[in-house]
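Colleague: prediction below, plus the sequence it came from.
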Amino acid sequence: MTTPPPAPPPAGLRERKKQATRAALREAALRLAVERGPDQVRVEDIAEAAGVSPRTYNNYFASREQAIVSAVTADREVRIASAVAARPAGLRLADAVTEAVVEQYTTTGEHEPRALLLITARTALREAFLDTTAGIEAPLAAVIAERLGDTGVHTARVLAASVAAAVRIALEGWLRPAGTAEAAEVAEAAGSLGTGGLVVPTGSLPDQLRAALAPLAPAFDAAERGARP
């Protein structure tokens, strides 16, 4: 008699396992990059450190840079959407979005100071970091659409895409090339990480985020007015 294959785990358990695997990969990627320097880390090294195969790694990340950056930006796009949803319903939508973005981009995680230095020291990592802003769009559009009602789905997508673009512009301004004196100071702090393509975060990130998002406020206000019964 043929033995039937084992039943797949429940959906909730599968999702928790996937989240655990993703977390293990990004933690391993960052740890190895800090220890060896990102140029000395292969996908195979990250997979082995996380206890999975390279094929499994490729199911989660398209590159080592993406995995390293994910250790800093993990689930940020979902946290932004959740923060907007948690704001009082009577709060102006433009203010709710701005507060959520600033809050989530300026909350320093356990690894962020060291990881940010690593990211700013490599062009490929910096680009991967900036590319993560695109992930803001889908979850934020869903939350905005909920606030605006069914008739605001298209508008919500436009607004969310605009927010993602504004955040990227703010980050690009914040991660501008450093002056010689600044670069030398941070290069010394970077130590073994190296300084190829080094930039130094400049100015106030909250101020830059607010300035980039400010031009979107009239569009948010108009959308809210159109959504009122």
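Modeller: Sure, I can see it.

Colleague: which regions of the protein sit below the pLDDT cut-off?
Modeller: Applying pLDDT under 70 to the chain flags the ranges 1-11, 108-113, 151, 177-202, 228-229.

Colleague: return the set of buried residues in the longest helix belonging to the chain.
Modeller: In the chain, with assignment by DSSP state H, the single longest helix is helix 11-36. For helix 11-36, a neighbour-count test (16 or more other CB atoms under 10 Å) marks 21-22, 24-34 as buried. Where C-beta positions appear, they are placed from N, C-alpha and C, glycine not excepted.

Colleague: which one of those residues sits closest to residue 143?
Modeller: Closest approach between the buried residues of helix 11-36 and residue 143, by CB to CB: residue 22, at 22.5 Å.

Colleague: residue 45: how many residues sit nearby?
Modeller: Using other CB atoms under 10 Å as the criterion, residue 45 is surrounded by 17 other residues.

Colleague: secondary structure element for it?
Modeller: With secondary structure defined by DSSP states H and E, residue 45 is part of helix 43-50.

Colleague: counting contacts, what elements does the following helix or strand past that helix pack onto?
Modeller: Scanning forward in sequence from helix 43-50 by DSSP H and E, the next helix or strand is helix 54-58. Packed against helix 54-58 by the contact rule (3 or more CB pairs under 8 Å, 6 or more residues apart in numbering; DSSP states H and E) you find helix 43-50.

Colleague: picking that back up, what angle sits between the longest helix of the chain and helix 43-50?
Modeller: With axes from the mean of the first three to the mean of the last three CA atoms, to 10 degrees defining the directions, helix 11-36 sits at 120 degrees from helix 43-50.

Colleague: which strands or helices does helix 11-36 pack on?
Modeller: The helices and strands touching helix 11-36, judged by 3+ CB pairs under 8 Å, 6+ apart, are helix 43-50, helix 64-73, helix 112-120.

Colleague: and with 6 Å instead?
Modeller: Under the contact criterion of 3 or more CB pairs under 6 Å, 6 or more residues apart in numbering; DSSP states H and E, helix 11-36 touches helix 43-50, helix 64-73.

Colleague: what helix or strand does the closest residue to residue 166 other than its chain neighbours sit in?
Modeller: Spatial nearest neighbour of residue 166, chain neighbours left out: residue 212 (4.1 Å); criterion: CB to CB, 6 or more residues apart in numbering. Here residue 212 sits within helix 205-213, counting by DSSP H and E.

Colleague: ok, then the element right after that helix?
Modeller: Downstream of helix 205-213, the next assigned helix or strand under DSSP H and E is helix 217-227.

Colleague: what is that following helix packed up against?
Modeller: With contacts defined as 3+ CB pairs under 6 Å, 6+ apart, the secondary structure elements packing on helix 217-227 are helix 93-106.

Colleague: hmm, 7 Å instead?
Modeller: Helices and strands touching helix 217-227, by 3 or more CB pairs under 7 Å, 6 or more residues apart in numbering; DSSP states H and E, are helix 93-106, helix 153-174.

Colleague: dump the ones you listed to TSV, plus distance to residue 55 and mean neighbour count.
Modeller: Formatted as TSV, these follow (distance: least, CB to CB, whole Å; neighbours: other CB atoms under 10 Å):
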stretch	distance to residue 55	mean neighbour count
helix 93-106	32	20
helix 153-174	31	19
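
Colleague: and those: which comes nearest residue 65?
Modeller: Comparison of the helices and strands packed on helix 217-227 against residue 65 by CB to CB identifies helix 153-174 as nearest, at 15.7 Å.

Colleague: tell me the helices and strands packed up against the closest one.
Modeller: helix 93-106, helix 123-131, helix 137-148, helix 205-213, helix 217-227.
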